[in-house]
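**Q** need a structure here:
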Amino acid sequence: MSQVKGIGGFGSTALLVSSMTGPGLSTIPALFQQSGWLPPVFIFLVIAVLSGCSALFVCEALSNIKGNEKFQSKVELTTIAQVYLGRKYHYVFQVLLYLALQAVNVTSIIIAAQTFDSMFITIFHGTCGLGVSPGGWFCVTDSEGITGNSPFSSDDYFIFTFGYLLTAVMVIPLGFFSLVENIAVQMISFIVLIAVLIQWCVAFCQEGLKPELLPAIGNNSTTVLGIVIFNYSFITTIPSWVNDLKPTANIHKCMWVSVIISTIFYIVLGILGAMAYQMDASSDILSILSANVCGVVTEII
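**A** Below you'll find the model as predicted:
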């Protein structure tokens, strides 16, 4: 049974945690500081439970389809809609599903590209992009500073940046492989994610935690629900995951372990990060860490 090709327990946890966390992690400390710690912690816990239950309901719906009792027929979400809602509503659901997937994809690509641009500035002291309005080639260096989530001006429009190109180079090749073939990448990503989060938490503690920066209730909680729901938008991964799952893997255990790990990541990162630095609503913790590192290096020199 162990020789059956598929996704095992650790691979499942890596895949699901990667689906629940991502580039959006870097904006969580600013969210906690602006809204206070109580609203996001409460919403994270509620959405985590609801998301886990919803995902398990999808698994149950998949297994109740005749001929797919053990997920042997590779049924996807659109098939569930056709079976339970009928052909008329099936098309409506399919359009809504594609729109939802594209919304998540576009948002994730933007955040990933901005994160890579910030990384270029930290490592190479600059990043560039091809602008369309205004047109031309624009470069940003660390000496100009970083405001908001992107190092580029929010008034300009770009065809591409170096961060966007790196995102494309890393993501596009993975699209030619199946989920099972990609699971090794997810495992590596999961290990790297844990290492990065530990390093961030250590950096926060070294900076000094200031409880006064993190009130129980902040002055702006309007974005909490939307950001939290976006970070738990992993439901579309569930059918593909269970279709490639090894028979020995426990669906309930993998699901709840992944949900718990992701929720702990978010809450710990949000609380420690919010108490370490003064931020505004658009702050990105990567940019803040990079700016502080550069400032320390400059002082030493």
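**Q** all helices for the protein, in order.
**A** 9-20, 28-35, 38-63, 77-85, 87-124, 162-171, 179-207, 224-231, 238-243, 251-276, 285-300 (DSSP state H).
**Q** out of these, nearest to Asp155?
**A** With CB to CB as the measure, helix 87-124 is the member of those nearest Asp155 (15.5 Å). All C-beta spots, glycine's among them, are computed from the backbone N, C-alpha and C.
**Q** show me what contacts Phe71?
**A** Applying CB atoms under 8 Å, 6 or more residues apart in numbering to Phe71 gives the contacts 62-63, 242-243, 245.
**Q** low pLDDT regions in this structure?
**A** Along the chain, the parts satisfying pLDDT under 70 run over 1-5, 23, 142-149, 281-282, 284, 286-287, 290-301.
**Q** at 50 what do you get?
**A** Within the chain, the stretches with pLDDT under 50 are 1-3, 143, 145-146, 294-301.
**Q** related to what we said a few turns ago, so which of the contacts of Phe71 comes closest to Gly135?
**A** Checking the contacts of Phe71 against Gly135 by CB to CB gives Asn243 as the nearest, at 46.3 Å.
**Q** which residue is the nearest non-sequential neighbour of the closest one?
**A** Nearest non-adjacent residue to Asn243, counting by CB to CB, 6 or more residues apart in numbering: Lys74, 4.7 Å away.
**Q** that neighbour - how many residues pack around it?
**A** Burial of Lys74 is recorded as 13 neighbouring residues (other CB atoms under 10 Å).
**Q** also Thr78?
**A** Thr78: 15 neighbours (other CB under 10 Å).
**Q** distance to Ser154 added to the helices of the chain, as JSON lines?
**A** JSON lines is the format used below for those (distance: least, CB to CB, whole Å):
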{"stretch": "helix 9-20", "distance to Ser154": "28"}
{"stretch": "helix 28-35", "distance to Ser154": "16"}
{"stretch": "helix 38-63", "distance to Ser154": "25"}
{"stretch": "helix 77-85", "distance to Ser154": "35"}
{"stretch": "helix 87-124", "distance to Ser154": "11"}
{"stretch": "helix 162-171", "distance to Ser154": "15"}
{"stretch": "helix 179-207", "distance to Ser154": "25"}
{"stretch": "helix 224-231", "distance to Ser154": "19"}
{"stretch": "helix 238-243", "distance to Ser154": "35"}
{"stretch": "helix 251-276", "distance to Ser154": "23"}
{"stretch": "helix 285-300", "distance to Ser154": "14"}
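**Q** and of the ones you listed, who's closest to Cys139?
**A** Closest among the helices of the chain, using CB to CB: helix 162-171, at 9.3 Å.
**Q** that closest one: which residues count as buried?
**A** 162-164, 166-167 (16 or more other CB atoms under 10 Å).
**Q** pull the residues that contact it.
**A** Contacts of helix 162-171 (CB under 8 Å, 6+ apart): 109, 112-120, 127-129, 158.
**Q** list the contacts of Asn219.
**A** Gln34.
**Q** from here on, count from 57
**A** With the count now opening at 57, the last piece we talked about shows up as Asn275.
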